[in-house]
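A.B. asks: this one's sequence-less:
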């Protein structure tokens, strides 16, 4: 009805999410308890970390949330790297660093 045309500006949006930062912290803490190497837990962990980032973006900006945002982004990056390494493992360090040998 009539409410569809009503939007929130940035001031209203910050006021509309007074618990965004504490809930983001809870999401991060829950994500940290999950194993990034277990497939089902890794998916849940990524989902919680994405929720943490989204909630922080909806909260009132401030310096206090920067460490939490950095930790959540770092967890997401680690998760994506682990998934990529599982899909295509890197060669062993010893084989990659040694020059190829041509008949001695």
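C.D. replies: Looks like it arrived, so ask away. For clarity, every value in this text was computed on a predicted model and none was experimentally measured.

A.B. asks: for the residue nearest the centre of the chain, which residues are in contact?
C.D. replies: When CA atoms, centre = their mean is applied to the chain, the residue found nearest the centroid is residue 76 (3.1 Å). Shown in contact with residue 76 (CB atoms under 8 Å, 6 or more residues apart in numbering): 46, 49-50, 53. C-beta here means a position set from N, CA and C on the backbone, and glycine is covered the same way.

A.B. asks: quick check, nearest of these to residue 20?
C.D. replies: Within these, proximity to residue 20 (CB to CB) peaks at residue 53, which comes in at 11.1 Å.

A.B. asks: what's the neighbour count on that closest one?
C.D. replies: Taking other CB atoms under 10 Å as the criterion, the count of residues near residue 53 is 19.

A.B. asks: what's the spacing between the nearest residue to it once chain neighbours are set aside and residue 87?
C.D. replies: Taking CB to CB, 6 or more residues apart in numbering, and ignoring the residues beside it in sequence, residue 53 has residue 72 as its nearest neighbour in space, at 5.1 Å. Between residue 72 and residue 87 the distance is 23 Å, computed by CB to CB, to the nearest Å.

A.B. asks: so what's the residue nearest to residue 53 scoring on pLDDT?
C.D. replies: According to the per-residue confidence, residue 72 scores 95 in pLDDT.

A.B. asks: can you check the one 4 residues further on too?
C.D. replies: According to the per-residue confidence, residue 76 scores 94 in pLDDT.

A.B. asks: which parts of the chain are helices?
C.D. replies: In chain order, the chain shows helices spanning 10-16, 20-33, 39-58, 66-87, 93-97, with DSSP state H as the criterion.
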